[in-house]
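Novice: Quick one, structure for this:
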Amino acid sequence: MPVNWREHIVSTPDVLRGKPRIKGTRIPVGLILGYLASNNTVEQIIDEFPDISKEQIAACLDYARDLSDFETVA
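Specialist: Predicted coordinates for the structure are as follows:
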């Protein structure tokens, strides 16, 4: 499902020390990515965190994809 992570992921210095999180929550993107990396299904994650949606979980993956495309010039 195509999703624009910028609509669902925020980072503000006053919440979670600026770590990216799902908008409207204190759930860090890294936590959701960890659940996915541990082979949890989207449904299992939603059972654990009922305040988030499938679209927000997809946004976490889209965010990670964008980060992996980031290039640095040395």
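
Novice: Touching stretch 51-64 from outside, list them.
Specialist: Residues from elsewhere that reach stretch 51-64 (C-beta atoms under 8 Å, 6 or more residues apart in numbering): 1, 3-5, 7-9, 20, 22-25, 27, 29, 32-33, 36, 42, 45-46. C-beta: built from backbone N, CA, C; applies to glycine.

Novice: Just the ones in strands from those residues, please.
Specialist: Counting by DSSP state E, the part of those found in strands is 9, 22.

Novice: Quick one: buried ones out of the contacts of stretch 51-64?
Specialist: Among the contacts of stretch 51-64, those buried by neighbour count (16 or more other C-beta atoms under 10 Å) are 3, 5, 8-9, 20, 22-23, 27, 29, 32, 36, 45-46.

Novice: tell me the helices in the chain, going along the chain?
Specialist: Ranges of helices in the chain, per DSSP state H, are 29-37, 42-48, 54-68.

Novice: helices or strands up against the second one?
Specialist: So that's helix 42-48. When contacts are defined as 3 or more C-beta pairs under 8 Å, 6 or more residues apart in numbering; DSSP states H and E, helix 42-48 sits against helix 29-37, helix 54-68.

Novice: Using JSON lines, please lay out these together with mean pLDDT and distance to Leu16.
Specialist: Shown next, in JSON lines, are the helices and strands packed on helix 42-48 (pLDDT from 0 to 100; distance: least, C-beta to C-beta, whole Å):
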{"stretch": "helix 29-37", "mean pLDDT": "98", "distance to Leu16": "10"}
{"stretch": "helix 54-68", "mean pLDDT": "94", "distance to Leu16": "14"}
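
Novice: May I see the ones you listed organised as JSON lines, with distance to Pro13 added?
Specialist: Shown next, in JSON lines, are these (distance: least, C-beta to C-beta, whole Å):
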{"stretch": "helix 29-37", "distance to Pro13": "16"}
{"stretch": "helix 54-68", "distance to Pro13": "18"}
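
Novice: Nearest to Asp14, out of these?
Specialist: helix 29-37 (17.0 Å; C-beta to C-beta).

Novice: elements contacting that closest one?
Specialist: Secondary-structure packing of helix 29-37 (3+ C-beta pairs under 8 Å, 6+ apart): strand 21-22, helix 42-48, helix 54-68.
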